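Peer 1: Predicted structure and sequence below. I'll ask about it afterward.
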Amino acid sequence: MTQNKTYIQSYITIQNNEIVLNGTSVFKIESTDFADFSKQALRNFEIQYPKFFKMDALSKLAFLGSELLLSPIISAEEENNIALVLANKSSSLDTDVKYQESISDKENYYPSPAVFVYTLPNICLGEISIRHQLKSENSFFIFDAFNAEFLSNYSDILLNTNKADSVLCGWVEYFDENYKAFLCVISKEENEKYTNENINTLYNK
């Protein structure tokens, strides 16, 4: 397999009530909980998507990051072969705990289907795919910590085997109001903007 050079096209970081797109802060509010922050962010960017309010926190976090990166490059006229490769540490634990609480109390036993559907971390990939009509490769991995080397290598393989034209990859971690999303778009299209950067250095900025 011939290894062609791949390039970071854009990136986004979401944490501490702030969204930083390609190194520039594009949205920031005073300290609040994630539900309020995500709602205000959606309003700020004028994103019309009612299903957002039914999502769990992990999916909302992934959705916000992907929306700002993918919307400018998605074509409505043709199929978009954009692979999704995400990872985190806590899997869907935040939602798992909420679901467990709904079935633990025998006096108030009410297993919620709306919560249960989000008890897998890769559901956020489905939400992104539905939003942008993607039928491409997608995978979700669990690591103890951000694994830049794995994400970079996996993305390069997808691109160099022509399984994808672009890859949205990164880290989407949420548990008990502690959250961080770092996503970037990688492709073989030459882009000198981030020549001296890699996934790891951008994540740690």
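Peer 2: Okay, I see it. Numbering: from 1, shown residues only.

Peer 1: and stretch 5-14, how far from the chain's centre?
Peer 2: 13 Å (C-alpha atoms, centre = their mean, to the nearest Å).

Peer 1: okay, it in CSV with CA atoms only?
Peer 2: Presented in CSV, the C-alpha positions along stretch 5-14 are these (Å, rounded to 0.1, in the frame of the first residue of the first chain):
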residue,chain,number,x,y,z
LYS,A,5,0.8,12.2,3.0
THR,A,6,-2.4,13.3,4.7
TYR,A,7,-3.2,16.8,6.0
ILE,A,8,-5.3,18.3,8.8
GLN,A,9,-7.9,20.5,7.2
SER,A,10,-9.6,22.0,10.2
TYR,A,11,-10.1,21.3,13.9
ILE,A,12,-12.3,22.2,16.9
THR,A,13,-12.1,22.0,20.6
ILE,A,14,-15.0,22.2,23.0
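
Peer 1: For the residue nearest the centre of the chain, which non-adjacent residue is spatially closest?
Peer 2: Geometric centre of the chain, nearest residue: residue 62, 3.0 Å, by C-alpha atoms, centre = their mean. The shortest distance from residue 62 to any non-neighbouring residue, by C-beta to C-beta, 6 or more residues apart in numbering, is to residue 124 (3.9 Å). C-beta coordinates here come from the backbone N, C-alpha and C atoms, glycine included.
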